[in-house]
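Q: here is a sequence together with a model predicted from it:
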There are 4 protein chains.
Amino acid sequence: MDFAFDAKTEQLRERLLEFMDSHVYPAEPVFRDQLEARENPWASVPVVEDLKTEARKRGLWNFFLPGELGAGLTNLQYAPLAEITGRSPALAPVALNCSAPDTGNMEVLAMFGTEQQRKQWLQPLLDGEIRSAFAMTEPDVASSDARNIATRIERDGGDYVINGRKWFISGAMSPDCRIFIVMGKTDPDAEPHRQQSMVLVPRDTPGVHVKRGMHVFGYTDGDHGGHAEVIFEDVRVPAENLIGEEGGGFAIAQARLGPGRIHHCMRLLGMAERAIELMCRRAVSREAFGKPLARQGVIQEWIAESRVTVESLRLLVLKTAWLMDTVGNQGAHTEIQAIKIATPAAVEKILDRAIQVHGAGGVSQDFPLAELWAAARMLRLADGPDEVHKRSLARRELKRYL
Amino acid sequence: MDFAFDAKTEQLRERLLEFMDSHVYPAEPVFRDQLEARENPWASVPVVEDLKTEARKRGLWNFFLPGELGAGLTNLQYAPLAEITGRSPALAPVALNCSAPDTGNMEVLAMFGTEQQRKQWLQPLLDGEIRSAFAMTEPDVASSDARNIATRIERDGGDYVINGRKWFISGAMSPDCRIFIVMGKTDPDAEPHRQQSMVLVPRDTPGVHVKRGMHVFGYTDGDHGGHAEVIFEDVRVPAENLIGEEGGGFAIAQARLGPGRIHHCMRLLGMAERAIELMCRRAVSREAFGKPLARQGVIQEWIAESRVTVESLRLLVLKTAWLMDTVGNQGAHTEIQAIKIATPAAVEKILDRAIQVHGAGGVSQDFPLAELWAAARMLRLADGPDEVHKRSLARRELKRYL
Amino acid sequence: MDFAFDAKTEQLRERLLEFMDSHVYPAEPVFRDQLEARENPWASVPVVEDLKTEARKRGLWNFFLPGELGAGLTNLQYAPLAEITGRSPALAPVALNCSAPDTGNMEVLAMFGTEQQRKQWLQPLLDGEIRSAFAMTEPDVASSDARNIATRIERDGGDYVINGRKWFISGAMSPDCRIFIVMGKTDPDAEPHRQQSMVLVPRDTPGVHVKRGMHVFGYTDGDHGGHAEVIFEDVRVPAENLIGEEGGGFAIAQARLGPGRIHHCMRLLGMAERAIELMCRRAVSREAFGKPLARQGVIQEWIAESRVTVESLRLLVLKTAWLMDTVGNQGAHTEIQAIKIATPAAVEKILDRAIQVHGAGGVSQDFPLAELWAAARMLRLADGPDEVHKRSLARRELKRYL
Amino acid sequence: MDFAFDAKTEQLRERLLEFMDSHVYPAEPVFRDQLEARENPWASVPVVEDLKTEARKRGLWNFFLPGELGAGLTNLQYAPLAEITGRSPALAPVALNCSAPDTGNMEVLAMFGTEQQRKQWLQPLLDGEIRSAFAMTEPDVASSDARNIATRIERDGGDYVINGRKWFISGAMSPDCRIFIVMGKTDPDAEPHRQQSMVLVPRDTPGVHVKRGMHVFGYTDGDHGGHAEVIFEDVRVPAENLIGEEGGGFAIAQARLGPGRIHHCMRLLGMAERAIELMCRRAVSREAFGKPLARQGVIQEWIAESRVTVESLRLLVLKTAWLMDTVGNQGAHTEIQAIKIATPAAVEKILDRAIQVHGAGGVSQDFPLAELWAAARMLRLADGPDEVHKRSLARRELKRYL
């Protein structure tokens, strides 16, 4: 057992930290100004492209993707880097081409895509030229149980025809989002885990209606493509757009979710570190009732508890990454669920306290805390609500005693 | 001791509940559509004026104000009515001309205003013809300690000249907001509680710059005039605009805050009832893992705990109202702090759980829960953060043993 | 609505507070010494008898029992008196002949007993001459669902024959405990709520084996008769010992539990007040890191939160008492469950914090806090665990929406 | 970074687990019977000696002590073994001669003892022939700040003369406890951290009065020597009994506490695992309301949260051990505080839930849960209350921003 990062990780962390200091943090106010000034509320802004160019030049690119197509890092090597990007979650992940949902979509294409699919869609995604979306969640069913998915994908000659309604399709409001991976039912009569398939649907296919952006506590998340409601109405794509095999949708979704969840948790820890830093800076600089907030016992307690929480959760995330590397995503199932249960809730609480230390400013656009909070809160629901994961984890624990 | 409402309250509750059912709830979707369609993002919309007309016609008007100028209700009589309006907090309070910050401003003018001030500003407020703002909080100091206020109000001949920067001035973005009550320092050398004064500043006075709307977790609260940052730059008003006496600002602020806090708490309970209702409706209508959410033990626990919390806090709010009526706001000081400490945090938690039961929809614009949550969260900071009230209440408790 | 106590309550409160000051608190150290010195670890001690004599002389007697047999108080009048006795829960309730489980047993006999049963058992209980026990809970089943009770009560000629095993039979270790009310199944084939009956079993009946005292977090509760495991082995009592009718056991148990639960909650509030007082006294008298604990922000927060909790829960308990008086125990069902859910958990937390303020002493026999904590903790299980009550309350809430 | 145990640890774990199964768990009921049967309520019982003999024979001995005198394990190697012993905390640690406070005392003697002191006291302790106590905490001061210690140790010719009052001196009630390490002030005028010294005081020295055993939530902890109040009245020992140098007491105490705290945390994790196991076993075997507890959502939530908590805290404890091994106790200061803050509170909560699942049995002597709970609760106070550690940790965090 050894808790030190390996040399490669240390070296990449150093380079990434340098990039954060020299480029990312200074870009934050520019980003806000450009967002405010743009005409299309879903469009990307120039500073993001600049950061991408710079990051790629520095070799800080596609860290999330193992193997030859990506940077060749293990999950354990990527984890501390992803955490660092979480400190500026609107800019750093996208700058490194490591932002959701593209990362998961690239993984799917890298693992299950045909050569043609990879050439047409994976390559421009890897190059950061286009964005993508993953259309799974539906408004009318509890989508945490993938078997509930109601969208139909029907074979019709050499085509698939898609009908259904999806929402919270992250990134899909962006004009740069060119391709959707759509999950739907190809065979409602198959056994429950073999009814679903995934197909590639270019955004400009007739019948695709990107209807509106869903809000998250008042935020449109327009800076990273929002969360769209999308109607698929007799959408027709060639059969070659199937990913993997018919009936394989559930398995692909499972394969996609493991890494997706751990990436979220890694970045959440970076968000928590940012929150602790802001909380401390505010506490030492603000006076109330004759002494700095930093000397108020209640605020000291918040800082201590935040620090302890982050330290223990980080280790659990790192161990999970190590398990994924050594025994595979399936072997790390319990741990992936554990971090998904624990991290968003814990980071949400840390952010809440940081907000409280900032007074009214904390809830406003003048500090990043409220927006980070909304992102953390959303993650208690995204990829399955906490309660579903707890239930599943408990049942596995109980099985030992049956 | 008697826990039944008196006959007048019962009768008004019945009439108000009828108005909610016949007019307010049906107006909610209309309101949302009109908000979306308006050009000025801070403007009022027609349905609100319709509701005001209807409410006034029915005698559901100015309930908050005791005495002849208002509806003549005690705090204890008003409390359960205010709770009901909290079930639709964007519409019902304003429909009854009972919405903050106008209510507090009307109280100030009713208690401390000159005849001329009352004629010029109080009357149109009582008639619901204009809106008003209360400019106290400042970005640069911990405003929970009113002694920190830095805005200067200086006497210059027959005028007062105001310089300072305020933010989170609720309602001030609305074009209907015509008058500000501004708190500032007239005499920095007086003893701490006699340095402040309040003056009336018409919105169109030269030097008043309404700069921008502050966000609250992504919401602009544009439907009720937002929360403005306002710069006062050599703003000159006649000395007659002073409210009460020079050095009386702190005392007026204290007089204003008591009722303001209890009104917030009353409405919060109504918001909690709405959340419980939505949580239950969702739970009985949504299935996951083969049974309705209503039969999941964890959700049952949330519902039970929410119900118990609302029942006990309501009683504390009602008792506080009773104390204000019987021994005065000063005698109810501890209880006012107690409900300010307990209610926003408790209702925030209830709303959070209701959101969780709604899945992704819960955080979105399709349900009122996320926006209500932001309002409740804000109230853990507004009128002094929880921590300040706890500290003060504890010190009073400890005094008995010194 | 009126939150003032009536004149009778005020007058009795005054007399009781005087008795607490003059007799009960001074008796506490005497009580501890006598307990330590006694030979039988389950025997009563002289100071208790002295207090009973004095209380009865002063007319502070049988407050719990409404009607002519008792003091003639309503639940609402009794509630604040019971709270006061909770400040010294090992002495004051017994001194006033208002301690569990005798109170519930007297209620049962007063409501359902025959003239003979009342003469033989109720009268000496009302006179404080004997103690009694209520034998319902069983080790082998989830006794929160009374239908699970496995003890058999079989008719055999003019007798009932009882076989079964009970535990946590409070008071039954005391040699003064002369009579058991035993719940068991008379007809396992009847419909679920008609299978149970209650019979009176004198302690000295052959076949009654009081086996051992169960501990509660290390405490034997030997000062009030412990919590016995009792084996009933072919125990034979005359058929006249049946209480009420055959098959009426469930209904009697329900009738008994409502008042029992509210009495516990009332006393818990008194325990909480004692804890707050001790916490404050310690905080003002103890220094750490250069200032009194009373000036540490975290401890101030604990005190404030404790005060707010007690104030709101007290009102819910009082309202419940009022409902029991005005619409009956059945009409107060939700509220009885609500206080049973909320009060023990809240008071446990207050006691925990008071302990923490006392350092190591807080967990020890030198302060009453740890023992009070154990009593509060036990009440999260006694008369049904919290979870059972929450489930039931939630189902009633949800029914409105089905 | 690597999360696998090394080969030596794996091999020792296997041997220890085998010993737990074959000897320790089977000894638990024997232990309880022997405890009940013994005459001296503080005496050791035969089964403990049997276990010690067996463990030593198997080479499962003195694991806690690094270097040649002990088993030569690193902290990281010892940690998972200590956790296993925590599953049966009354038997396993003592069986392996790894129980507090002897472990800390042996460390002190190994690090700071003279050859004579080590020969006379360390050797029999290492051989498990005698027990020892560490007399630091005092009833009259906040002992979490060692500078408050009031006991005097005065040089008088060739002797030290000790006067003072200590309490919660763990183990000191046992007749096997032969030697006390006493902390006191040798020079009240020195700078604050140089005023204290430690001396060895044989239990049978005239003037040593072991007065009484302090209770912990009703438990005397008589099975491991209780927690004594001890009066030192003109106790005279030769100057050679000084440990280390005069004025070195504070530094020795600090050196002793680091390992002590982490050992407690390791064992606490084992207690938590035991609690989870009991909770699961109960849940699968007990029915309520028509289905096993294991299928109640609330209980599933408890199990899941318990599992997640244990997994993350274990990693933090292991990392702390690794830091102690690699950068020293001083370098691991923050992490030692972090685990001291987080572990007792978390394990207390897990135990509380396990108790709740067991119903009334859970609080009783029929399951180990209530006693384990009391031990965990005590550790939120022992070696400094949580609040002191949080304050200190926060101040270190805040320093970065000053």
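A: Happy to help now that I have it.
Q: what number of residues lie near the residue of the stretch 301-402 of chain A found nearest chain C?
A: Going by CB to the nearest CB, chain C is nearest to A:Glu301 of the stretch 301-402 of chain A, at 5.5 Å. From N, CA and C alone the C-beta is placed, and that goes for glycine too. Applying other CB atoms under 10 Å in any protein chain shown, we find 21 other residues in the vicinity of A:Glu301.
Q: got the buried residues for the helix or strand harbouring A:Glu18?
A: A:Glu18 belongs to helix A:7-19 when assigned by DSSP states H and E. For helix A:7-19, burial by neighbour count (16 or more other CB atoms under 10 Å in any protein chain shown) applies to A:9, A:12-13, A:16, A:19.
Q: that one - contacts with which helices or strands?
A: helix A:75-86 (3 or more CB pairs under 8 Å, 6 or more residues apart in numbering or on different chains; DSSP states H and E).
Q: rounded mean pLDDT for the helix it packs on, please.
A: Helix A:75-86 carries an average pLDDT of 97.
Q: please apply the same query to stretch A:30-47.
A: Here stretch A:30-47 scores 95 as its mean pLDDT.
Q: how about the secondary structure of the residue nearest to the spatial centre of chain A?
A: Chain A has A:Ala100 as the residue nearest its centroid, 4.0 Å off, counting by CA atoms, centre = their mean. Assigned with DSSP: H, G, I helix; E, B strand; the rest coil, A:Ala100 falls in the coil class.
Q: so who does it touch?
A: A:93, A:170-171, A:260, A:263-264 (CB atoms under 8 Å, 6 or more residues apart in numbering or on different chains).
Q: ok, it to A:Ser132 distance?
A: Counting by CB to CB, to the nearest Å, the gap from A:Ala100 to A:Ser132 is 10 Å.
Q: overlap of the contact sets of those two?
A: A:Gly171.
Q: so which of the contacts of A:Ala100 are in helices?
A: Those of the contacts of A:Ala100 mapping onto helices are A:93, A:260, A:263-264, per DSSP state H.
Q: of those, closest to A:Asp187?
A: Comparing those against A:Asp187 with CB to CB places A:Gly260 closest, at 25.6 Å.
Q: hmm, the closest one is touching A:Met106, no?
A: No - using CB atoms under 8 Å, A:Gly260 is not in contact with A:Met106; the gap is 11.3 Å.
Q: what does the helix or strand containing A:Ala55 contact?
A: Taking DSSP H and E as the definition, A:Ala55 sits inside helix A:46-57. By CB under 8 Å, 6+ apart, the surrounding residues in contact with helix A:46-57 are A:19, A:23-24, A:27, A:30-31, A:34, A:61, A:91, A:94-97, A:128.
Q: which of these sits closest to chain B?
A: Here the nearest of the contacts of helix A:46-57 to chain B, counting by CB to the nearest CB, is A:Phe31; it sits at 16.4 Å.
Q: ok, which stretches of chain A are helices?
A: Using DSSP H, the helices found in chain A span residues A:7-19, A:25-37, A:46-57, A:75-86, A:92-95, A:102-112, A:115-117, A:123-126, A:249-285, A:297-326, A:328-331, A:333-357, A:369-378, A:386-399.
Q: partners of the residue lying closest to A:Trp121 once chain neighbours are set aside in the sheet?
A: Nearest residue to A:Trp121 in three dimensions, chain neighbours excluded: A:Ile179, at 5.2 Å (CB to CB, 6 or more residues apart in numbering or on different chains). Listed by DSSP bridges, the beta-bridge partners for A:Ile179 are A:Ser132, A:Pro202.
Q: show which residue of chain A lies farthest from the average position.
A: Centroid-distance maximum for chain A: A:Gly290 at 42.9 Å, with CA atoms, centre = their mean.
Q: and that one, how far is that from chain B?
A: Counting by CB to the nearest CB, to the nearest Å, the gap from A:Gly290 to chain B is 9 Å.
Q: phi, psi of that residue?
A: When read as degrees, to the nearest 10, the backbone of A:Gly290 gives phi 80, psi 0.
Q: how far away is A:Gly260 from chain C?
A: Distance of A:Gly260 to chain C, computed by CB to the nearest CB: 34 Å.
Q: which part of chain A gets nearest to chain B, residue-wise?
A: Closest point on chain A to chain B, by CB to the nearest CB, is A:Gly218, at 2.7 Å.
Q: quick one, what contacts the residue farthest from the centre of chain A?
A: For A:Gly290, no contacting residues are found, by CB under 8 Å, 6+ apart.
Q: got a pLDDT number for it?
A: 86.
Q: one more: A:Arg147?
A: On pLDDT, A:Arg147 comes in at 81.
Q: swap in the one 5 residues further on?
A: We have a pLDDT of 98 for A:Arg152.
Q: can you get me a residue count around it?
A: 15.
Q: who are the neighbours in contact with it?
A: By CB under 8 Å, 6+ apart, the contact set of A:Arg152 is A:161-164, A:184-185.
Q: follow-up on the earlier one: the contacts of helix A:46-57: which two are farthest apart?
A: A:Gln34 and A:Trp61, at 22.4 Å, using CB to CB across these.
Q: which of the two has more neighbours?
A: Neighbour count, other CB under 10 Å: between A:Gln34 and A:Trp61, A:Trp61 has more, with 20 against 17.
Q: I figured the more buried one hits A:Ala95, correct?
A: No - judged on CB under 8 Å, A:Trp61 makes no contact with A:Ala95 at a distance of 9.2 Å.
Q: closest to chain D out of the buried residues of helix A:7-19?
A: Ranked by distance to chain D (CB to the nearest CB), the buried residues of helix A:7-19 are led by A:Thr9 at 7.8 Å.
Q: now that closest one: how far from A:Gln77?
A: 5 Å.
Q: again, but for A:Ser44
A: According to CB to CB, A:Ser44 stands 29 Å off from A:Gln77.
Q: find the least confident helix or strand in chain A, judged by mean pLDDT.
A: Using mean pLDDT, DSSP states H and E, the weakest-scoring helix or strand in chain A turns out to be strand A:287-288, at a mean of 88.
Q: what's that one in contact with?
A: So strand A:287-288 is contacted by A:293, A:296, B:142, B:144-145, B:148, B:388 (CB under 8 Å, 6+ apart).
Q: JSON lines please, covering those residues and showing neighbour count and distance to chain C.
A: Shown next, in JSON lines, are those (neighbours: other CB atoms under 10 Å in any protein chain shown; distance: CB to the nearest CB, whole Å):
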{"residue": "A:Leu293", "neighbour count": "24", "distance to chain C": "10"}
{"residue": "A:Gln296", "neighbour count": "21", "distance to chain C": "5"}
{"residue": "B:Ala142", "neighbour count": "17", "distance to chain C": "15"}
{"residue": "B:Ser144", "neighbour count": "20", "distance to chain C": "15"}
{"residue": "B:Asp145", "neighbour count": "15", "distance to chain C": "15"}
{"residue": "B:Asn148", "neighbour count": "16", "distance to chain C": "19"}
{"residue": "B:Val388", "neighbour count": "19", "distance to chain C": "11"}
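Q: ok, which pair from those is furthest apart?
A: Maximum distance among the contacts of strand A:287-288 (CB to CB): 15.5 Å, for A:Gln296 and B:Asn148.
Q: what does the pLDDT read for the residue nearest to the centre of chain A?
A: A:Ala100 is assigned 95 on the pLDDT scale.
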